[in-house]
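>>> I'd like to go over a predicted model; first the sequence, then the structure.
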Amino acid sequence: MPAAARLNHRRANDDAHDAPPRASAYVCEAASCMSAQAHDITVRLGELTAAAGLTDVMIKRVGCLGLCAAGPLVEINETGQLFERVTPDNVDGIVTALKKVKKTDTRQPQGPFFEKQFRVVTENLGRIDPESLEDYLARDGYEALKRVLQDMTSTEVRDEITASGLRGRGGAGYPTGLKWTTVAKAQGAQKYVVCNADEGDPGAFMDRSVLESDPFRILEGMAIAAFAVHATEGYIYCRAEYPLAVARLRTAIRLAQRAGFLGAGIAETSFNFDVQIRLGAGAFVCGEETALIASVEGRRGTPRPRPPYPAVQGLWDCPTLINNVETYANVPTILRKGSEWFAEYGAGKSKGTKVFALAGRIVNTGLIEVPMGTTLREIVYDIGGGLIDGRPFKAVQTGGPSGGCIPTQFLDMPVSYESLIEVGSFMGSGGLIVMDDTSCMVDVAKYFQDFCREESCGKCVPCRVGTTQLYMLLDLITRGEATLEDLAQLERLAGIIQKTALCGLGQGAPNPIFSTLRYFRDEYMAHIVDKVCPAGVCKITPPEVMA
Amino acid sequence: MPVLHAKRTAPTDDKRWKIVETRMRRMGDRPAALIEALHAAQEAFGYLDTDALNYVGDTLGVPHSRVYGVATFYSFFTLKPQGEHTCVVCTGTACYINGAKQILTGLDEALHVKPKETTADGKISVLTARCLGACSLAPAVIVDGSVKGHVNADELVAELEAM
């Protein structure tokens, strides 16, 4: 099969491997582009370049190139030229471009979407073949782990993470160094390290992209964490909805085990650590850490009261470190470049960068990474390219079902854990959904309430009963049948649920209501008093005119 | 510690049970393997019937009540056989504000099928997903495993009717 021989993942056995290729085409094979036949493009390019006798050309599958809206994407690595919306039948332009590449060519700027970003977590996305350990090693992969195992004590590793100011990227922003120290100091012979890859927020796909595009980075981050907290076993809890991410993780685990980066005696030291994958089964609440533990143990994913925190009593009652995918992804870079380097970026108490998934009514839907403290305007307009059809910006929703909607007046606000909470929203895992004037904010609140109602695990009454009542009240409003008394009842009930629910799902469920009431109360009033939906989304039957 | 529960044999001599059995054995036939075992059974048979639930429970030493509890708690598991074709409509936020609701309404009007239901002729099952993560393709659906982006209700109905 001559065509396949041109593909990068076969190149390990290829004689031509020693000579660097003159030109290379990087084909994005992450989920979004894959669903648009990206793999067929890779194969087709391989066939065509082989047929044209281009022996000094490499066709390589890579992870997410970021600009999902224009996918499937192919990039000429040497020049940075980007081909958008490629189809398997329309790749002649790419072959021509490959022919023209000269040794003296340098990468040209790719436009504001790419140039305005700053990549730490996503530095390898779109640059390496996610199923090639060689590629990862060539980009300084496993340098950090080797240094940690050879030159550092576990205390030094924890101090370095603490000094960097890294905070949990799953949403709540708990200081990572503090969490690691708690687990390290907890009593217990057996300890576990868990990676939370149950990315359930609708509109969020950061973790998926990182897992699909750079799985070794997560394994390296987890191994460093395991060394720092004295654990020997790890679990990655991943959504079953992400089959590609799971497949690439499995491959990465196998390759890492074979190369001695997982298992017994890692990197020729006495350190042992191994990782297993556990699949979720479509329960949003399992992103909550105690529910996640229950699910890994094979039970229904219901949370339990904390304390005891998992850091003290987690999986099978052993001290357990649970961090999000993006948190682990930061770890190798921090240890490679130093905590001082990392702490230079960011704003105030929010250090480093944040990966965001841009979606909704925005031109450049895709995956971006920016330093903390970047303004929403830069994200939405400079990087995101503004709104589709130039429609007016109405709000950006962050933080998933526990988050809020941020209106126009805060566009110039720097994004950080603190600033988002100040305006009544929440960092969440990093989904940013942009809305224009075609979205009704009451309807959006109702959408999230419907989500929480369905995903409530049913353990505590405030969440199980309360979210349903909130939904019914919102439904009444969107049908134009509510009174001002209903609105007062909605606010009262939302406050009670926020204070009394057991876990983050219930406590956060009223947030979309609070934030839309805070900034878009006029829309609620229009539904209740004037019986109209200003955005024209809700179907309100006009009241019959009394004769 | 020896395993105290009696290990059951598979309900039928269907070869697919081997897959389920292997997956459980690899995890030491322990209760913690329950969710993985249910995944294996659903992958093999398309859905989980009572035989499958009981077999998994008996092998892992988990009471039937708890197996049923887990199987019904997680929305990924289905206890009913699916139609010939499946159509999963994404209802994530990006798809929602781009028209997922209209797609579901369109399917209901044309094919008289609501989410989690199968058409009367057993041909098409409609499901919803929380978020496929394919937000750049919003609104997105998965028809028989292949993702379709920027879907409009009429075209989707026409495609499903032609199947």
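Here it is on my side, so go on.
>>> give the contact list for the spatially most central residue of chain A.
In chain A, the residue lying closest to the centroid (Cα atoms, centre = their mean) is residue A:206, at 2.0 Å. By Cβ atoms under 8 Å, 6 or more residues apart in numbering or on different chains, the contact set of residue A:206 is A:199, A:325-326, A:355-357, A:367, A:429-431. From N, CA and C alone the C-beta is placed, and that goes for glycine too.
>>> hmm, 7 Å instead?
Taking Cβ atoms under 7 Å, 6 or more residues apart in numbering or on different chains, we find residue A:206 in contact with A:326, A:355-357, A:367, A:429-430.
>>> please narrow those to those residing in strands.
Using DSSP state E, A:355-357, A:367 are the members of the contacts of residue A:206 that sit in strands.
>>> for chain B, state which of those residues is nearest.
Of all the ones in strands among the contacts of residue A:206, residue A:357 has the smallest distance to chain B: 6.7 Å, by Cβ to the nearest Cβ.
>>> from residue B:150, how far off is the closest one?
18 Å (Cβ to Cβ, to the nearest Å).
>>> more neighbours: the two, which one.
Shown here are residue A:357 and residue B:150; by other Cβ atoms under 10 Å in any protein chain shown, residue A:357 has more neighbours (27 against 12).
>>> ranges for the strands of chain B?
Secondary structure of chain B (DSSP E): strands located at B:85-90, B:117-118, B:124-129, B:141-143, B:146-148.
>>> equivalent analysis for the stretch 251-400 of chain A, please.
A:274-279, A:320-324, A:346-347, A:350-351, A:353-360, A:366-371, A:393-398 (DSSP state E, counting those that start in this stretch).
>>> other residues contacting the fourth one?
Contacts to strand A:350-351, defined as Cβ under 7 Å, 6+ apart, come from residues A:164-167, A:342-343, A:345, A:372, A:416-418.
>>> of those residues, which belong to helices?
Secondary structure assignment (DSSP state H) places A:164, A:342-343, A:417-418 from the contacts of strand A:350-351 within helices.
>>> if any of the residues you listed are buried, put those into a ChimeraX selection.
Buried subset of those, written as a ChimeraX selection, criterion 16 or more other Cβ atoms under 10 Å in any protein chain shown:
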select /A:164,342,417
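>>> spatially nearest residue to residue 84 (excluding sequence neighbours)?
If you meant another chain, say so; for now it's chain A. Counting by Cβ to Cβ, 6 or more residues apart in numbering or on different chains, the nearest residue to residue A:84 once its immediate chain neighbours are dropped is residue A:70, at 3.7 Å.
>>> actually chain B
residue B:123 (5.0 Å).
>>> quickly find the element holding residue A:434.
Assigned by DSSP states H and E, residue A:434 falls within strand A:431-436.
>>> next, the angle strand A:393-398 makes with that strand.
Using axes from the mean of the first three to the mean of the last three Cα atoms, to 10 degrees, the interaxial angle of strand A:431-436 with respect to strand A:393-398 works out to 160 degrees.
>>> packing partners of strand A:431-436?
Packed against strand A:431-436, as judged by 3 or more Cβ pairs under 7 Å, 6 or more residues apart in numbering or on different chains; DSSP states H and E, are the following elements: strand A:353-360, strand A:393-398, helix B:93-97.
>>> hey, least reliable of the ones you listed by pLDDT?
Across the helices and strands packed on strand A:431-436, helix B:93-97 has the smallest mean pLDDT, namely a mean of 86.
>>> now tell me what touches it from outside.
Taking Cβ under 7 Å, 6+ apart as the criterion, the residues outside helix B:93-97 that touch it are A:202-203, A:359-361, A:397, A:433, A:435, A:439, A:447, B:135, B:138-140.
>>> any low-confidence regions in chain B?
With pLDDT under 70 as the threshold, chain B has low-confidence stretches at B:1-7.
>>> I'd like the domain boundaries of it, if you could list them.
Taking automatic domain parsing as the criterion, chain B consists of the domains B:16-73, B:85-161.
>>> now tabulate the helices and strands packed on strand A:431-436 in JSON lines and tack on distance to residue A:131.
Compiled in JSON lines, those are given as follows (distance: least, Cβ to Cβ, whole Å):
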{"stretch": "strand A:353-360", "distance to residue A:131": "21"}
{"stretch": "strand A:393-398", "distance to residue A:131": "33"}
{"stretch": "helix B:93-97", "distance to residue A:131": "28"}
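>>> closest one to residue B:33 among the ones you listed?
strand A:353-360 (32.9 Å; Cβ to Cβ).
>>> what pLDDT, on average, does stretch A:477-488 get?
96.
>>> alpha carbons of it, as PDB, please.
Coordinates of the C-alpha atoms in stretch A:477-488 are reproduced here as PDB (Å, rounded to 0.1, in the frame of the first residue of the first chain):
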ATOM      1  CA  ILE A 477     -43.300  33.000  32.000                       C
ATOM      2  CA  THR A 478     -42.300  32.000  28.500                       C
ATOM      3  CA  ARG A 479     -45.900  31.100  27.700                       C
ATOM      4  CA  GLY A 480     -47.100  34.500  28.800                       C
ATOM      5  CA  GLU A 481     -49.200  33.100  31.600                       C
ATOM      6  CA  ALA A 482     -47.200  34.300  34.600                       C
ATOM      7  CA  THR A 483     -48.000  37.000  37.100                       C
ATOM      8  CA  LEU A 484     -45.600  39.200  39.000                       C
ATOM      9  CA  GLU A 485     -46.300  37.000  42.000                       C
ATOM     10  CA  ASP A 486     -44.800  34.100  40.100                       C
ATOM     11  CA  LEU A 487     -41.700  36.100  39.400                       C
ATOM     12  CA  ALA A 488     -41.300  36.900  43.100                       C
END
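>>> what residues sit buried inside it?
Burial within stretch A:477-488, assessed by neighbour count using 16+ other Cβ under 10 Å, is assigned to A:477-478, A:480, A:482, A:487.
>>> now those residues in CSV, with secondary structure?
Conversion of the buried residues of stretch A:477-488 to CSV gives the following (DSSP: H, G, I helix; E, B strand; the rest coil):
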residue, secondary structure
A:477, helix
A:478, helix
A:480, coil
A:482, coil
A:487, helix
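>>> what is the nearest of those to residue A:175?
residue A:487 (39.1 Å).
>>> any idea how far the closest one lies from residue A:541?
If you go by Cβ to Cβ, the gap between residue A:487 and residue A:541 works out to 20 Å.
>>> what residues does chain B have near chain A?
Proximity of chain B to chain A, by Cβ under 7 Å from any Cβ of the partner chain, involves residues B:31-36, B:39, B:69-70, B:73-77, B:92-94, B:96-97, B:129-138, B:147.
>>> which parts of the stretch 101-250 of chain A sit against chain B?
Of all the residues in the stretch 101-250 of chain A, those lying near chain B are A:200, A:202-203, A:205, A:208, A:240-242, going by Cβ under 7 Å from any Cβ.
>>> so which of those is the most crowded?
Counting by other Cβ under 10 Å, top hit in these: residue A:205 with 35 neighbours.
>>> looking at the stretch 401-547 of chain A, what residue ends up closest to chain B?
Closest residue of the stretch 401-547 of chain A to chain B, Cβ to the nearest Cβ: residue A:433 (4.8 Å).
>>> could you do the stretch 51-200 of chain A as well?
residue A:68 (3.5 Å).
>>> name the residues that touch stretch B:149-163?
Residues external to stretch B:149-163 that are found in contact with it (Cβ under 7 Å, 6+ apart): B:85, B:87, B:102-103, B:106-107, B:110-111, B:123-124, B:134, B:137, B:139-141.
>>> tell me which residues in it are buried?
With burial defined by 16+ other Cβ under 10 Å, the residues of stretch B:149-163 counted as buried are B:149, B:151, B:153, B:156-157, B:160.
>>> all strands for the stretch 401-547 of chain A, in order.
A:404-407, A:431-436.
>>> out of these, nearest to residue A:27?
Taking Cβ to Cβ, strand A:431-436 is the member of the strands of the stretch 401-547 of chain A nearest to residue A:27, at 26.1 Å.
>>> and the angle from the closest one to strand A:353-360?
Going by the same axes, to 10 degrees, strand A:431-436 makes 40 degrees with strand A:353-360.
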